[in-house]
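Colleague: Here is a sequence together with a model predicted from it:
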Protein chains: 2
Amino acid sequence: MKKKRSSRTKLEVELRCLAEKAKAATHRLAALDAEKKDAVLRDMAEVLEEGASAILLANKKDLVAARQKRLAEAFIERLTLTPKRVEEMASSLRGIADLRDPVGEVIKNWSRPNGLALSKVRTPIGVVLIIYESRPNVTSDCVGLCFKSGNVVILRGGSDALHSNAVIFRRLASVVRRHGLPAEVINLVAVTDRRAVDVLLTLDDSIDLVMPRGGESLIRQVRDKSKIPVIKHYKGICHIYVDEDADLAQAERIVLNAKVQRPGVCNAVETLLVHEGVARDFLPKMIRALRDAGVAVRGCAKTRKFAQGVAAATEEDWRTEYLDLILSVKVVKDVEEAIRHINHYGSHHSDAIVTRDDARTQRFLKEVDSACVYVNASTRFTDGYQFGMGAEIGISTDRLHARGPMGLEELTTYKYVIRGTGQIRE
Amino acid sequence: MKKKRSSRTKLEVELRCLAEKAKAATHRLAALDAEKKDAVLRDMAEVLEEGASAILLANKKDLVAARQKRLAEAFIERLTLTPKRVEEMASSLRGIADLRDPVGEVIKNWSRPNGLALSKVRTPIGVVLIIYESRPNVTSDCVGLCFKSGNVVILRGGSDALHSNAVIFRRLASVVRRHGLPAEVINLVAVTDRRAVDVLLTLDDSIDLVMPRGGESLIRQVRDKSKIPVIKHYKGICHIYVDEDADLAQAERIVLNAKVQRPGVCNAVETLLVHEGVARDFLPKMIRALRDAGVAVRGCAKTRKFAQGVAAATEEDWRTEYLDLILSVKVVKDVEEAIRHINHYGSHHSDAIVTRDDARTQRFLKEVDSACVYVNASTRFTDGYQFGMGAEIGISTDRLHARGPMGLEELTTYKYVIRGTGQIRE
């Protein structure tokens, strides 16, 4: 008992010390100019390429251990690095170097009748804690995005990627040192103690933001325990509503793309809603095309009249993110029922209407309460790169601070700069 | 034991039901146009004026009870309504009606090479919970600000203002009903059970944001217990740094204003930092002027050489928000020491430099890590009205979502609207 208590104290002291040093380093990083930051990022890309064989060797160790623990194939796939993936990590760092630096950007200038001149200026958030699971490429991606946006990062990767993350991190840290920067501008929590996350989540004096990247249970745990603000990336239960005035050939292409182009991601469509007026014309062909692409269809009673062998969708189906070649289909009376269904069962991520009618387009875009609402396009475009942000640290399903794809700008906050000539308050 | 459990369950059921109805009402409120909202707000102002005598009578009940409980005079002062204060509540609602509606505003438009047209559009946050202490005017102010920004509000006022809040709320609710809106667009939690707040803070499926308005211990309790995102309004330990190149007469006016014009507020100055090169010229006169205005000065060893009878400032003084006619004073070597002191001891609220030197101005504005950084002006301008926001629901000391004064815009989030012509992901 006594031993346990003292070891916990040691862990707390160690992590508190790490977080306080991280906080102290924020001022130095916030003051770096873009040119310097970009030079560091390009050198980071280079050391990853040069160290590819060492990184792959470390990754082998993690993979052997993961197979011994009989972890799921999907997990092992995410854990696996290849020469191509290491190359992508490097080119992603170079891509971040090429982006405009958001820090110092003047968002707005205005003045007041008393002569005060105000500016709202972008600044880094401060210290960002990222808790993630198996993907080792998250290590370099998050270092790159946080560094460029002037944020000190604390990384807490999954224990199954321990060796891979350590080698990647060590190489990135060597560049930081070589450029004469404090080592604490990037941090990896390497202790294996599982209580480390619990301790980190209490350090709200030093850490400004937590982003859990992983499954829903990880995110919920973080939300429940954290004293630090959290930006959550929950699931995507995305819908496409095919209206009575849709171009049906276009609707078919959009639905097919949103389901099959990459079914395992959060912006893939999970539920198709079809106006009852076009169900007879649209659904038999659509379901045939989906099946040809390997998709299993689950339908409401009306849907099942239009195609043989469609399984019955249950209440549970409307709430399920399949992340797989499965699609639930429901026939609805009108755009109002479609909107109600989406707001009730959806996850407020990405939802689309296919129609040529202006009034229903306006209504759908206004009333569907989701981060991204589409007309006549695939939901698969919800992505920082596709939106033109140049990079993405995740897709927020929260409503505060950042909603939808998060790029560099979403990793910043702002300050007000007020210039006077002696103004005092009357 | 059994009885207690069942009563808690009843409280939980009641509050969950309230929050779910509030969430359901968000869509209706989000769809209201500005004209309708402004008409409601103006009628709300009118019913407060018409009901002034009933409001003052209810307030009397609260005041009698507060005096019987021997609550502090400052508390009773905040609890007290007068005909003038009721008039101010009404005119504040009319002021909100006059402001531009932020909902639906297009923040940004752009398009992508594939022809997709994107817009970032302001939307309400959803359901906002406001937990406050004694001031009954918060009831109508928060109803007004949330209603105008399209947010459903849940108010949880202090039990000592129960009667005042109930009468004010009942009158505002009558206007909502008269305009044919769902009653649940504005809500007051009237149950006296002290566990109500704890239950509300678990309802993150229905409530999108919590803003605790009150003392530090209330805010910390909310932060510790809440599963819902919180925007905090902590204290203001504000600084003015008088540089060696300051216009000393201007510096004196600014310091005096920032300390004495209204000492009990978060943007009043608490610590004066003076460059050692001008301390001899500046401090004796400054301290005399402060004392003439009734300010007690506590100084560092160097400060105390320049004036008789200055009490010694302790380490604790640098961390104290006096909210009173007390000022701590420290002589510093240069702008760097000033910045270090402010970032270390301050509360990242509002800090000012007085100088005519450009380089040091730039450095101070960039490196002081506060919501509002000033040059040659009083810190007392940190305020939504003074910034031209037209209204203010508080001053955030958080770094996420909103920092500094929060007006209507800061009570909104955004969605992405994406218009296509059949685009699919390659």
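Modeller: Looks like it arrived, so ask away. Numbering: from 1, shown residues only, chains lettered A, B, ... in the order given.
Colleague: Which neighbours in the sheet does the longest strand along chain A have, and how are they oriented?
Modeller: Secondary structure of chain A per DSSP state E: the longest strand is strand A:412-423. Sheet pairing here is set by DSSP bridges, and for strand A:412-423 it gives strand A:117-124 (antiparallel), strand B:372-377 (parallel).
Colleague: Which one, of those strands, ends up nearest to residue B:167?
Modeller: Closest approach to residue B:167 among the strands paired with strand A:412-423 (CB to CB): strand B:372-377, 36.7 Å. Any C-beta I mention is one placed from the backbone N, CA and C, and that applies to glycine too.
Colleague: circling back to that earlier point, for the longest strand of chain A, buried residues please.
Modeller: Across strand A:412-423, burial judged by 16 or more other CB atoms under 10 Å in any protein chain shown covers A:412, A:413, A:414, A:415, A:416, A:417, A:418, A:419, A:420, A:422, A:423.
Colleague: farthest pair in those?
Modeller: A:412 and A:422 (31.5 Å).
Colleague: now stretch A:239-258: mean pLDDT?
Modeller: The pLDDT scores in stretch A:239-258 average 98.
Colleague: which non-adjacent residue is nearest the residue of the stretch 151-300 of chain A found nearest chain B?
Modeller: In the stretch 151-300 of chain A, the residue that lies nearest chain B is residue A:257 (3.6 Å; CB to the nearest CB). Distances taken as CB to CB, 6 or more residues apart in numbering or on different chains put residue B:424 closest to residue A:257, at 3.6 Å, once the chain neighbours are dropped.
Colleague: Contacts only, for that neighbour.
Modeller: Residue B:424 sits next to A:253, A:254, A:256, A:257, A:258, A:261, A:377, A:378, A:380 when contact means CB atoms under 8 Å, 6 or more residues apart in numbering or on different chains.
Colleague: Now, those residues that are in strands?
Modeller: residue A:377.
Colleague: Are any of the contacts of residue B:424 buried, and if so which?
Modeller: Using 16+ other CB under 10 Å, the buried ones in the contacts of residue B:424 are A:253, A:254, A:256, A:257, A:258, A:377, A:378, A:380.
Colleague: Of these, just say which sits nearest to residue B:18.
Modeller: residue A:258 (37.3 Å).
Colleague: That closest one and residue A:249, how far apart?
Modeller: Using CB to CB, to the nearest Å, we find residue A:258 at a distance of 15 Å from residue A:249.
Colleague: got it, and residue A:55?
Modeller: Note on residue A:55: its distance to residue A:249, by CB to CB, is 47 Å.
Colleague: do residue A:177 as well
Modeller: For residue A:177, the distance to residue A:249 - CB to CB - is 58 Å.
Colleague: what does residue A:318 give?
Modeller: Noted for residue A:318: a distance of 27 Å to residue A:249, by CB to CB.
Colleague: One more: residue A:125?
Modeller: In this view, residue A:125 and residue A:249 are 46 Å apart by CB to CB.
Colleague: Compare the two and say which one has the larger neighbour count.
Modeller: residue A:125 (23 against 11; other CB atoms under 10 Å in any protein chain shown).
Colleague: what pLDDT does the more buried one get?
Modeller: Note on residue A:125: pLDDT of 98.
Colleague: What residues sit buried inside stretch A:357-372?
Modeller: For stretch A:357-372, burial by neighbour count (16+ other CB under 10 Å) applies to A:360, A:361, A:363, A:364, A:365, A:366, A:367, A:368, A:369, A:370, A:371, A:372.
Colleague: didn't the last one look like it was pressed against residue A:347?
Modeller: If I follow you right, that is residue A:372. No - judged on CB atoms under 8 Å, residue A:372 makes no contact with residue A:347 at a distance of 11.6 Å.
Colleague: does residue A:294 sit in a helix, a strand or a coil?
Modeller: coil (DSSP: H, G, I helix; E, B strand; the rest coil).
Colleague: contacting residues around it?
Modeller: Neighbouring residues of residue A:294 by CB under 8 Å, 6+ apart: A:260, A:325.
Colleague: switch the cut-off to 6 Å
Modeller: With contact set as CB atoms under 6 Å, 6 or more residues apart in numbering or on different chains, residue A:294 has these partners: residue A:325.
Colleague: Next, find the distance separating it from residue A:272.
Modeller: When CB to CB is the yardstick, residue A:294 and residue A:272 sit 16 Å from each other.
Colleague: Any regions of the stretch 1-150 of chain A where pLDDT drops low?
Modeller: A:1-8 (pLDDT under 70).
Colleague: all strands for it, in order.
Modeller: A:106-111, A:117-124, A:127-132 (DSSP state E, counting those that start in this stretch).
Colleague: Now intersect the buried residues of stretch A:357-372 with the helices, please.
Modeller: Counting by DSSP state H, the buried residues of stretch A:357-372 place A:360, A:361, A:363, A:364, A:365, A:366, A:367 in helices.
Colleague: From those, pick the one nearest residue A:216.
Modeller: Closest to residue A:216, out of all of these and judged by CB to CB, is residue A:367, at 26.5 Å.
Colleague: My guess is the closest one contacts residue A:339. True?
Modeller: Yes - counting by CB atoms under 6 Å, residue A:339 is a contact partner of residue A:367 at 4.9 Å.
Colleague: all strands for the stretch 151-300 of chain A, in order.
Modeller: Under DSSP E, counting those that start in this stretch, the stretch 151-300 of chain A gives strands at A:152-156, A:186-188, A:209-213, A:238-242, A:269-275, A:296-299.
Colleague: looking at the strands of the stretch 1-150 of chain A, which is closest to residue B:85?
Modeller: Here strand A:117-124 is closest among the strands of the stretch 1-150 of chain A (CB to CB), at 29.9 Å.
Colleague: Could you give the number of residues near residue A:229?
Modeller: Residue A:229: 24 neighbours (other CB under 10 Å).
Colleague: mind checking how far it is from residue B:242?
Modeller: Counting by CB to CB, the separation of residue A:229 from residue B:242 is 35 Å.
Colleague: before we move on, what about residue A:344?
Modeller: Between residue A:344 and residue B:242 the distance is 60 Å, computed by CB to CB.
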